[in-house]
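>>> predicted model and sequence below, questions to follow.
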Amino acid sequence: MTKAFRTLDDMGEIRGRRVLVREDLNVPMADGHITDDTRLRATLATIGELADRGAIVLILAHFGRPKGQRDPSMSLAPLTAPYSRVLGRPVRFVDWDGAADAVATLRPGDIAVLENTRFFAGEETNDPATIDRFAALGDLYVNDAFSAAHRAHASTEGLAHRLPAFAGRAMEAELDALEKALGDPSHPVAAVVGGAKVSSKLAVLEHLVGLVDHLIIGGGMANTFLAARGVNVGKSLCEHDLAATAEDILATADRAGCTVHLPYDVVVAKEFRADPPTRIVNVYEVAADEMILDIGPAAVESLADVLKNCRTLVWNGPLGAFETPPFDTATVALARTAAALTQDGSLVSVAGGGDTVAALNQAGVAADFTFVSTAGGAFLEWMEGRDLPGVAALKR
């Protein structure tokens, strides 16, 4: 099957050719040490394959927000040693001053990280002069950074119009998974959307009700929908001013034949802290001085039954205040059900967003989902049905 975008399989002979590869190396650091190397490891397949095929691999990446200025605290130079350890290969560092001369000394199979692309003001404005400066160093372009694909920057979008452009292996895996999840999914499709506020996921909810068969709403967002339905949610986090919007979404879902699942039993407490006294109540029994902090066991069991009858699941956001025990119980339980169904081969499960990845890791099931995206903003914009500039630029 021909893909909508070109991949490394379409590159032909690349020995000795300079390949500019956009990666996401924006890793968390503390005291000069990387605290999570997930993003570095995600680049292994693409960088390793290109180097093995004899390309001169030139990695483009941003780090932090230097706002178009050279800021030594945001240099990518300190990253080269740990990155080299992750790749198991030597990695050179190339500064923008004298970059062309430095690149000219590289041999087939060599790997180099170019300095922070955001040291140029023209990176974030997608300025033609900055694109020219980047393009002059390469013969081919590979975008492997889905997490930055929602930005039309020089290194994520502009270069794809200047050089022959291809999707890297991580980008390819991401786009394949997203196509299976919402592009052309097997029905019935369920979506779990959680999080604190409806306002931050409005576009997602409005888009999904026309696409999925079951919409499971959790987190603080569920309280807004419950309140719109006349439930007294006590001191719970709730956007009462969005009641009419919530009603509109429920009405749209109804017309589209999408079943919206709201919790009917919940876990409540009088204070939000780790392990306070809690009780499980029907949503209509929440006291005025209590707050809803998780979905109850009966609701979780019923949601598990929903997933057992679905073929596809898209998940973004936790069901409760999962960072604080015991309010991670519902998220962990449903995630484990989804993981088991995925491993049985009955469910394609795609999850994304920072909180979601953390919740799945907490449940110990991230590796058991079909695909887990580490992208935050890009994953959310994709769930909103928006065109991502960095992806659109790769289309054939």
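Yep, that arrived.

>>> my guess is residue 197 contacts residue 238, does it?
No: in this structure residue 197 lies outside contact range of residue 238 using Cβ atoms under 8 Å: 9.5 Å. Placement of C-beta: from N, CA and C, glycine included.

>>> which of these two has more neighbours?
residue 238 (24 against 16; other Cβ atoms under 10 Å).

>>> all helices for the stretch 101-250 of the chain, in order.
Assigned helices in the stretch 101-250 of the chain, in chain order: 121-124, 128-135, 169-178, 202-208, 219-228, 243-256 (criterion: DSSP state H, counting those that start in this stretch).

>>> any chance of these in TSV, with mean pLDDT and distance to residue 367 too?
Converted to TSV, the helices of the stretch 101-250 of the chain look like this (pLDDT from 0 to 100; distance: least, Cβ to Cβ, whole Å):
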stretch	mean pLDDT	distance to residue 367
helix 121-124	95	34
helix 128-135	97	35
helix 169-178	90	14
helix 202-208	89	25
helix 219-228	95	24
helix 243-256	95	32
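
>>> of these, which is nearest residue 72?
helix 121-124 (17.3 Å; Cβ to Cβ).

>>> residues contacting that closest one, please?
62, 67-69, 117-118, 127, 129-131, 151, 153-155 (Cβ atoms under 8 Å, 6 or more residues apart in numbering).

>>> may I see the buried residues of stretch 33-51?
Buried residues in stretch 33-51, counted by 16 or more other Cβ atoms under 10 Å: 34, 39-40, 42-43, 45-51.

>>> just stretch 184-201 next, same as before
185, 188-198, 201.

>>> cool, and stretch 294-313?
294-296, 299-300, 303-304, 306-307, 310, 312-313.

>>> how far away is residue 191 from residue 317?
Counting by Cβ to Cβ, to the nearest Å, the gap from residue 191 to residue 317 is 10 Å.

>>> again, but for residue 201
Taking Cβ to Cβ, one finds residue 201 at 7 Å from residue 317.

>>> hey, what's in contact with both of these two?
When Cβ under 8 Å, 6+ apart defines a contact, the residues bordering residue 201 and residue 317 alike are 193, 195, 221.

>>> need these in a markdown table (columns: distance to residue 267).
Output for those, formatted as a markdown table (distance: Cβ to Cβ, whole Å):
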| residue | distance to residue 267 |
| --- | --- |
| 193 | 19 |
| 195 | 17 |
| 221 | 16 |
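
>>> ok, of the residues you listed, which one's closest to residue 214?
Distance to residue 214, by Cβ to Cβ, is smallest for residue 193 among these, at 11.1 Å.

>>> give the bridge partners for the closest one, please.
residue 217, residue 316 (DSSP bridges).

>>> verify the stated contact: it with residue 316.
Yes: using Cβ under 8 Å, residue 193 makes contact with residue 316 at a distance of 5.7 Å.

>>> common neighbours of these two, please.
With Cβ under 8 Å, 6+ apart as the test, residue 193 and residue 316 both reach 201, 204.

>>> shaky segments in the chain?
1 (pLDDT under 70).

>>> try 50 this time
Low-confidence segments of the chain (pLDDT under 50): none present.

>>> domain assignment for it?
Domain ranges of the chain: 8-172, 185-383, per automatic domain parsing.

>>> compare the ones you listed and give me the one nearest residue 390.
domain 8-172 (3.2 Å).

>>> the closest one: end-to-end distance?
End-to-end distance of domain 8-172 (Cα to Cα, to the nearest Å): 9 Å.

>>> run the chain-centre distance for that domain.
The chain centroid and the centroid of domain 8-172 are separated by 20 Å, computed with Cα atoms, centre = their mean, to the nearest Å.

>>> ok, and the closest non-adjacent residue to residue 35?
residue 28 (4.7 Å; Cβ to Cβ, 6 or more residues apart in numbering).

>>> the one you found: neighbouring residues, count only.
By the measure other Cβ under 10 Å, the count of residues near residue 28 is 11.

>>> keep only those of the buried residues of stretch 184-201 that are in strands.
Using DSSP state E, the members of the buried residues of stretch 184-201 that fall in strands are 189-193.

>>> pull the contacting residues for the spatially closest residue to residue 17 that is not a sequence neighbour.
Distances taken as Cβ to Cβ, 6+ apart place residue 139 nearest to residue 17, at 4.6 Å, with adjacent residues excluded. For residue 139, the contacting residues are 17-19, 163-164, by Cβ under 8 Å, 6+ apart.

>>> quick one: what helix or strand has residue 46 in it?
helix 44-52 (DSSP states H and E).

>>> got the angle for that helix vs helix 169-178?
With axes from the mean of the first three to the mean of the last three Cα atoms, to 10 degrees applied, the angle from helix 44-52 to helix 169-178 works out at 140 degrees.

>>> who touches helix 44-52?
By Cβ under 8 Å, 6+ apart, the list of residues contacting helix 44-52 from outside reads 8, 14, 19, 21, 23, 57, 59, 86-87, 89, 109-111, 142, 144, 168-170.

>>> ok, now stretch 269-287?
The contact list for stretch 269-287, computed with Cβ under 8 Å, 6+ apart, reads 226, 231-234, 236, 262-268, 289-293, 296-297, 321, 324-326.
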